[in-house]
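**Student:** when you get a sec, could you give me coordinates for this:
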Amino acid sequence: MKVKVYDLNGNVVEEIETPLFDAEVREELIRRAVLSDESQEYQPKGAYRWAGMETSARYIGRKGVYATLKNQGQARLPREILGGGRHGRVRRIPHSVKGRRAHPPKPEKKIVEKINKKEYLLAMRSALSSSKPLVFEDKLEELTKTKEGYEVLAKFIKKELEEAKKSRKRISGLRRRRKARAYKLKKIGVVIGTKEIKALSNIPGLIVVNVENVKVKHIAPGGQANRYVILTKSSLKELENKVVA
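**Tutor:** The predicted structure follows:
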């Protein structure tokens with residue numbers, strides 16, 4: 001496939017041939033790769049092994065022995081052992097106060113979804129093939145101001161940039177505490193360079209990433225492809241070496 005290379009004024013400088021956007025689009029493979037990317041960021045968690053069990057509570061069912069609970073007119077549940085053979089409150093069992101959880105999170109649970117390397121590269125090519133590429137000359141990486149970067153992109157995707165800015169919505173309640181962010185934005189594309197292009201990092205709706213760290217989740221956020229992929233000429237060549245076998 002031939003792609004056009006633009007300068008910062010929006011003029012076509014040259015056309016280059018690249019195999020990055022020629023793969024078959026397989027949505028199920030893209031979703032699988034995105035799930036693998038996202039699962040690697042999950043924080044492992046698990047309950048303390050003896051949580052709810054560090055107590056003197058126990059059930060003694062033998063008749064006539066010290067601290068027995070048989071024939072006492074009480075439910076046959078583990079109770080705290082107090083002085084003089086007296087019994088306290090029910091402990092240890094899940095439905096008791098300060099009891100253990102029935103099925104707590106376990107630290108040995110496998111939370112990372114693994115994917116084969118060749119399968120992952122195929123998913124990345126598939127995500128790129130379903131995207132809308134915009135290739136610029138390397139001068140794009142030299143921009144230092146967000147205003148300059150916005151003016152360059154507005155020549156091509158001004159409508160999408162405005163829609164992304166308007167899509168900013170506040171996250172409230174429990175969802176905000178879980179996501180650790182206050183707002184959500186519509187993602188319209190990813191910017192890939194040989195380094196992170198700071199001039200584009202503050203533009204709403206864009207994900208800015210180094211070509212060495214680019215993943216399928218950047219190209220197809222949430223498993224949904226058909227976004228803009230903005231590259232520099234040098235990063236395009238590096239991405240070819242990384243993805244095309």
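
**Student:** now the one helix or strand in the chain whose mean pLDDT sits lowest - C-alpha only, CSV.
**Tutor:** Lowest mean confidence among the helices and strands of the chain (mean pLDDT, DSSP states H and E): helix 174-179, at a mean of 73. C-alpha atoms of helix 174-179 as CSV (Å, rounded to 0.1, in the frame of the first residue of the first chain):
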residue,chain,number,x,y,z
LEU,A,174,-17.7,4.7,42.6
ARG,A,175,-16.5,4.7,39.0
ARG,A,176,-14.3,7.6,39.6
ARG,A,177,-12.6,6.0,42.6
ARG,A,178,-12.0,2.8,40.6
LYS,A,179,-10.6,4.5,37.5
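
**Student:** now that helix, how far from the chain's geometric center?
**Tutor:** 14 Å (Cα atoms, centre = their mean, to the nearest Å).

**Student:** the following helix or strand past it packs against which elements?
**Tutor:** Using DSSP states H and E, the helix or strand that directly follows helix 174-179 along the chain is strand 183-184. Packed against strand 183-184 by the contact rule (3 or more Cβ pairs under 8 Å, 6 or more residues apart in numbering; DSSP states H and E) you find strand 169-170. C-beta coordinates here come from the backbone N, C-alpha and C atoms, glycine included.

**Student:** who touches the strand it packs on?
**Tutor:** Residues from elsewhere that reach strand 169-170 (Cβ atoms under 8 Å, 6 or more residues apart in numbering): 182-184.

**Student:** ok, the residue of the chain most remote from its centre to Asn71 distance?
**Tutor:** Distance from the centre of the chain peaks at Gly64, with 60.0 Å (Cα atoms, centre = their mean). For Gly64, the distance to Asn71 equals 9 Å [Cβ to Cβ, to the nearest Å].

**Student:** likewise Ala164?
**Tutor:** 73 Å.

**Student:** so between the two, which is more surrounded?
**Tutor:** Set side by side, Ala164 and Asn71 show more neighbours around Ala164, with 19 against 8, by other Cβ atoms under 10 Å.

**Student:** quick one: that one and Lys184 touch, right?
**Tutor:** No: in this structure, Ala164 is not within contact of Lys184 by Cβ atoms under 8 Å, at 11.1 Å.

**Student:** any weak-confidence spans in the protein?
**Tutor:** For the chain, the stretches with pLDDT under 70 are 179-180, 245.

**Student:** quick check: domain ranges of it?
**Tutor:** The chain is divided into the following domains under automatic domain parsing: 2-42+114-243, 45-111.

**Student:** deepest-packed of those, please.
**Tutor:** Across the domains of the chain, averaging neighbours per residue (mean count of other Cβ atoms under 10 Å) puts domain 2-42+114-243 on top, at a mean of 17.

**Student:** now for it, what's the gap between its first and last residues?
**Tutor:** 17 Å (Cα to Cα, to the nearest Å).

**Student:** going along the chain, name the helices of this protein.
**Tutor:** For the chain, the helices defined by DSSP state H occupy 27-39, 117-129, 146-166, 174-179, 216-219, 233-243.

**Student:** quick one: closest of those helices to Tyr48.
**Tutor:** Among those, the nearest to Tyr48 by Cβ to Cβ is helix 174-179 (22.1 Å).
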